[in-house]
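Participant: need a 3D model of the sequence below.
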Amino acid sequence: MECKDRQPFDIVRDILKVIEELNTLKDVDAILDKVLAEARDMTHADAGSIYLIEGENLSFSYVHNDTLFKGTEASKHIYTDFIVPINEKSIVGYVAMSGETLAIPDVYELVGDEPYSFNKKFDEETGYRTRSMLTIALKTFHGKIVGVMQLINATACDGTARPFTEYDIQYAPLFANSASVTIERGIMTRETMLRMMKMAEMRDPMETGAHVQRVGAYSAEIYQQWARNQGVDELTIRRKKDMLRLAAMLHDVGKVGISDAILKKPGRFNEQEAATMKWHSIYGAALFANTTSELDRLCKDVTLFHHERWDGKGYPGKLPGDLSQIRELCVECISGEDIPVSARITSLADVYDALISPRVYKSAWPEEQVLAEIINNRGTQFDPEVVDAFLEIQDTIRAIRRKYHG
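Facilitator: Numbers count the residues shown, from 1 in each chain. The predicted structure follows:
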């Protein structure tokens, strides 16, 4: 973060530029990451978190902490799962209820007659010392509150914590209100994806909302680690991760084209049923055949190729451009790096979740057994570098599993 004062014109100009960048993002998690990063940069905050409104509660949805979270350690904290009631007992609950911006110079010096109180549990568990806090309602231009952003420990040029300035208190809410519309759009996009998968879930009892949330999150985090290992720049990683999460959630949407007699069979498929089921990759890709965006192209790659194998023994293989002309699968195999990396990653995420979760035809495998199976298939079923990235982020993978359980 730069440590210098900015003029009001520069701040407003920068806010408009960031809002323009936010409008290029699709998934709510990528939007929250960008919003929190920019708000922290604007106020020189060491840490921060965002809560989104879900019914009568605030759901913890995103977090940054430069002091505590380093490297891959940061990602697992994003998937911490807890809620806070919307009432005046907590600071974030009070701000969600009142819509006010609340600036506290030092939360340990609250006098005690405030309606809200500071919960010291996080500080006690981690050794972090929360001091200054700026809590802002994420309010759209129509006055709807979609969540609360909390910025922690504004930092002076010498690295010490300081209170948030009058400029911070004036301009951070302006940015938050402008960003709230984008956050609301991201929430709606995620909900639209889940509704699409709800349609598939009605047909296929194994295709649950929790499953697609997990596969989307696994894929996004595996991609981030894989891309960093490859030396990809962070801007590209952020943009690709954003889209891959959504595309991976739709990996099995083509199952809507498979008959109930097969989808709802309470056991393993016979050879003919298994051959029919393979066509779900074609049906899914057909939904995105007339691609109009990069996200559409990514969805097509994921739906079409997520059952390919690194060694070329997967399906559906190389296909003509016109999906409506396909009469036979696996005529010519596709292998290795000819398989789009988005599909190679989603394949691993999908298999991992299938093995570690209970199914009508099997019990959940123990984690050690699942990891041994994936390692055993490194270089045959799975891209070796994707497996390596996956193994490097096991704390994050477990956190995702805990958050999207069921």
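Participant: which residues sit against stretch 22-39?
Facilitator: Outside stretch 22-39, the residues within contact range by CB atoms under 8 Å, 6 or more residues apart in numbering are 18, 21, 45, 48-50, 52, 61-64, 78, 149, 151, 172, 175-176, 179, 182-183, 185-187, 189-190, 220, 238-239, 241-243, 245-246, 295. Just so you know, the C-beta spots here come from the backbone N, C-alpha and C atoms, and that holds for glycine as well.
Participant: mind redoing it with 7 Å?
Facilitator: Identification of contacts with stretch 22-39 by CB atoms under 7 Å, 6 or more residues apart in numbering yields 18, 21, 48, 50, 61-62, 64, 149, 151, 172, 175-176, 179, 182-183, 186-187, 189-190, 238, 241-243, 245-246, 295.
Participant: just checking, what packs against the lengthiest helix in the chain?
Facilitator: Counting residues, the longest helix found in the chain (DSSP state H) is helix 166-203. Packing contacts for helix 166-203, counted by 3 or more CB pairs under 7 Å, 6 or more residues apart in numbering; DSSP states H and E, involve helix 8-22, helix 28-43, strand 133-139, strand 145-155, helix 209-229, helix 234-249.
Participant: compute the inter-axis angle for the longest one and helix 234-249.
Facilitator: If you take axes from the mean of the first three to the mean of the last three CA atoms, to 10 degrees, helix 209-229 sits at 150 degrees to helix 234-249.
Participant: could you do the fourth one as well?
Facilitator: Between the axis of strand 145-155 and that of helix 234-249 there is an angle of 150 degrees, by the same axes, to 10 degrees.
Participant: elements contacting strand 145-155?
Facilitator: If you count contacts as 3+ CB pairs under 7 Å, 6+ apart, strand 145-155 packs onto helix 28-43, strand 45-54, helix 91-98, strand 133-139, strand 161-162, helix 166-203.
Participant: hey, C-alpha coordinates of that strand in CSV?
Facilitator: Taking Å, rounded to 0.1, in the frame of the first residue of the first chain, the C-alpha atoms of strand 145-155 are listed here in CSV:
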residue,chain,number,x,y,z
ILE,A,145,-28.2,-3.1,2.6
VAL,A,146,-26.5,-6.2,1.1
GLY,A,147,-23.9,-6.6,3.8
VAL,A,148,-21.2,-5.0,6.0
MET,A,149,-17.6,-4.3,5.4
GLN,A,150,-15.2,-4.0,8.4
LEU,A,151,-11.8,-2.5,8.0
ILE,A,152,-9.3,-3.1,10.8
ASN,A,153,-6.1,-1.3,11.9
ALA,A,154,-5.4,1.7,9.7
THR,A,155,-1.7,1.8,9.4
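Participant: in its sheet, what does that strand sit against?
Facilitator: If you go by DSSP bridges, strand 145-155 pairs up with strand 45-54 (antiparallel), strand 133-139 (antiparallel), strand 161-162 (antiparallel).
Participant: outside of the last one, which residues touch it?
Facilitator: Residues outside strand 161-162 that contact it (CB under 7 Å, 6+ apart): 131-132, 153-156.
Participant: so residue 42 makes contact with residue 172?
Facilitator: Yes. The criterion here is CB atoms under 7 Å, and residue 42 meets it with residue 172 at 6.0 Å.
Participant: higher neighbour count, these two?
Facilitator: residue 172 (26 against 21; other CB atoms under 10 Å).
Participant: tell me the contacts of the more buried one?
Facilitator: Residues in contact with residue 172 (CB under 7 Å, 6+ apart) are 39, 42-43, 134, 136, 151.
Participant: save those residues as a markdown table, and put in pLDDT too.
Facilitator: Putting these into a markdown table (pLDDT from 0 to 100) gives the following:
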| residue | pLDDT |
| --- | --- |
| 39 | 94 |
| 42 | 90 |
| 43 | 93 |
| 134 | 98 |
| 136 | 97 |
| 151 | 97 |
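Participant: of these - the most surrounded one?
Facilitator: Neighbour counts for the contacts of residue 172 (other CB under 10 Å) peak at residue 151, which has 28 neighbours.
Participant: any idea how far residue 191 is from it?
Facilitator: 27 Å (CB to CB, to the nearest Å).
Participant: and for residue 367?
Facilitator: Residue 367 sits 31 Å away from residue 191 when distances are taken as CB to CB.
Participant: same drill for the two, tell me which one is more crowded.
Facilitator: Relative neighbour count places residue 367 above the other of residue 367 and residue 191, with 15 against 12, counting by other CB under 10 Å.
Participant: tell me, how many residues neighbour the residue nearest to that one when sequence neighbours are not counted?
Facilitator: Excluding its sequence neighbours, the residue lying closest to residue 367 (CB to CB, 6 or more residues apart in numbering) is residue 356, at 6.5 Å. Under the neighbour criterion other CB under 10 Å, residue 356 is assigned a count of 18.
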